[in-house]
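Engineer: Structure for this input, please:
(one chain, ligands or ions: 1)
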Amino acid sequence: MTPIIELGNPILRQHASLIDKIQDQDIQNLIEDLMATVAQANGVGIAAPQIAASYRLFIVASRPNPRYPHAPQMEPTAMINPKIIGHSTEVVKGWEGCLSVPGIRGFVPRYQAIAVEYTDRNGKLQQQELTDFVARIFQHEYDHLDGILFVDRLESTQDMITEQEYQQRFVNNT
Ligand code: ZN
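Structural biologist: Numbers count the residues shown, from 1 in each chain. Now for the predicted structure:
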């Protein structure tokens, strides 16, 4: 597992670079590293800049775990040079955390549904429609590639609570 950099590290604020040679061993190793790191950290997604690699690549890996007990199950997917090519008019607020902002949760507005395009780890262009929690993960990870963190998206600082309060309010009692 590679160390995850945290809020305050300037790499998290950079605009990440496009990847042109997906088959390069360095990029394939980076994908493996991200997959292992997100699994070990109980994350549902991780972007390359979070392990100090400023490339347009992230993993979406929704599955139920102690940090997100109600997350839907999916195969961890590497998304390279991703784009949002369309979105719903509906915006919904939901709770998010971030491995780079430990101890804090925020109630963040995101598009309810998005149409996305990305290149997969085999170099194949993929188009998908994502909704609800998985659409939220994608939008959160996509922001990392542009140097944006979920705390930047909060409508109010009152939409921010600690992990302990979050667990008590929304996880332990449900
Ligand atoms: Zn994050």
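
Engineer: Okay, residue 50 and residue 23: tell me how far apart.
Structural biologist: Noted for residue 50: a distance of 23 Å to residue 23, by CB to CB, to the nearest Å. (Glycine included, C-beta is placed from N, CA and C.)

Engineer: the more surrounded of the two?
Structural biologist: The neighbour comparison of residue 50 against residue 23 (other CB atoms under 10 Å) goes to residue 50, with 27 against 9.

Engineer: mind listing the helices for this structure?
Structural biologist: 25-40, 132-145, 163-166 (DSSP state H).

Engineer: which of those is buried the deepest?
Structural biologist: Stretch with highest mean neighbour count among these: helix 132-145 (a mean of 22; mean count of other CB atoms under 10 Å).

Engineer: Which neighbouring elements make contact with that helix?
Structural biologist: For helix 132-145, the packing partners by 3 or more CB pairs under 8 Å, 6 or more residues apart in numbering; DSSP states H and E come out as strand 45-47, strand 57-60, strand 77-87, strand 91-96, strand 104-111, strand 113-119.

Engineer: and the residue positioned nearest the centre of the chain, how far is that from residue 97?
Structural biologist: Nearest residue to the geometric centre of the chain (CA atoms, centre = their mean): residue 141, 3.1 Å. Look at residue 141 and residue 97: by CB to CB, they are 13 Å apart.

Engineer: What ranges in the chain fall below the confidence cut-off?
Structural biologist: Residue ranges of the chain with pLDDT under 70: 173-174.

Engineer: repeat that for 80
Structural biologist: 1, 172-174 (pLDDT under 80).

Engineer: Tell me who's in contact with the residue nearest to residue 68 when sequence neighbours are not counted.
Structural biologist: Nearest residue to residue 68, sequence neighbours excluded (CB to CB, 6 or more residues apart in numbering): residue 44, at 5.3 Å. Contact analysis of residue 44 by CB atoms under 8 Å, 6 or more residues apart in numbering lists 38, 60-63, 65, 67-68, 71, 133, 137.

Engineer: ok, 10 Å please
Structural biologist: The contact partners of residue 44, by CB atoms under 10 Å, 6 or more residues apart in numbering, come to 38, 59-65, 67-68, 71-72, 74, 76, 96-97, 99, 133-134, 136-137, 140-141.

Engineer: do residue 68 as well
Structural biologist: The contact partners of residue 68, by CB under 10 Å, 6+ apart, come to 42-45, 62, 95-97, 133, 137, 171.

Engineer: Fine by me, we can end here.
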